[in-house]
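Trainee: Kindly generate the corresponding structure for this input.
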Amino acid sequence: MAGIVVGVDGSEHSERALDWAAQEASLRHVPLTVINVFPAVTSYWGAVPYTDAELDIEQARHEVQMLADKAVGRLAGPPPAVTVQATYGSPATELISAAHDAELLVVGCRGSGGFARLLLGSVSSQVAHHAPCPVVIVREPS
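Mentor: Here you go, the predicted structure:
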């Protein structure tokens with residue numbers, strides 16, 4: 001995916017990352033890809049979807065589309081294209097894979113996980129270490 005890829009999970013951190021990525025895509029005149037990764041249920045045999053996975057993915061895609069529409073709607077000029085995706089899997093792995101041809105990968109400093117006192121979440125840390133392109137980690141305002 002050429003352009004800018006941003007990971008969102010519905011947290012305030014990811015919404016700030018989405019706003020930053022949308023504005024940057026607009027300034028650079030490049031496409032924006034917004035991705036939500038539903039953590040896969042894992043078992044001894046690997047990641048497996050559970051019974052309602054397709055419904056949950058469609059609901060997540062719809063919610064992410066609404067977030068993307070709001071972020072782009074706040075801009076003076078939108079990016080040339082905005083694509084929204086929702087999938088299940090390992091969030092860091094899926095974001096790294098999606099960023100294979102990207103100019104930039106953007107994530108929030110922490111997601112919706114439970115360790116609020118951490119400065120950097122596990123996904124943003126993995127992405128920063130393994131992404132095939134430059135990474136921007138959007139921090140919360142001081």
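
Trainee: count of neighbours near residue 130?
Mentor: Counted with other Cβ atoms under 10 Å, the neighbours of residue 130 add up to 13. The C-beta positions use only the backbone N, C-alpha and C, and glycine is treated the same way.

Trainee: what separates it from residue 30, distance-wise?
Mentor: Distance, residue 130 to residue 30, by Cβ to Cβ, to the nearest Å: 22 Å.

Trainee: again, but for residue 9
Mentor: Separation of residue 9 from residue 30 (Cβ to Cβ) stands at 23 Å.

Trainee: got a pLDDT number for residue 47?
Mentor: Reported pLDDT at residue 47 in the predicted model: 56.

Trainee: Skipping its backbone neighbours, what lies nearest residue 35 in space?
Mentor: Closest residue to residue 35 apart from its sequence neighbours, by Cβ to Cβ, 6 or more residues apart in numbering: residue 85 at 4.8 Å.

Trainee: Direction included, what does the strand or helix carrying that neighbour pair up with?
Mentor: Assigned by DSSP states H and E, residue 85 belongs to strand 82-89. Paired neighbours of strand 82-89 in the sheet (DSSP bridges): strand 32-39 (parallel).

Trainee: Who has more neighbours out of residue 9 and residue 30?
Mentor: Between residue 9 and residue 30, residue 9 has the larger neighbour count (other Cβ under 10 Å), namely 24 against 17.

Trainee: That one and residue 88, how far apart?
Mentor: Distance of residue 9 to residue 88, given as Cβ to Cβ: 13 Å.

Trainee: where do the contact lists of the two overlap?
Mentor: Residues touching both residue 9 and residue 88 (Cβ atoms under 8 Å, 6 or more residues apart in numbering) are residue 37.

Trainee: Where does the prediction get shaky in this protein?
Mentor: By pLDDT under 70, the weakly predicted segments of the chain are 1, 40-55, 110-120, 142.

Trainee: Strands of the protein, residue ranges please.
Mentor: Along the chain, counting by DSSP state E, strands occupy 4-7, 32-39, 41-43, 46-48, 82-89, 104-108, 135-138.
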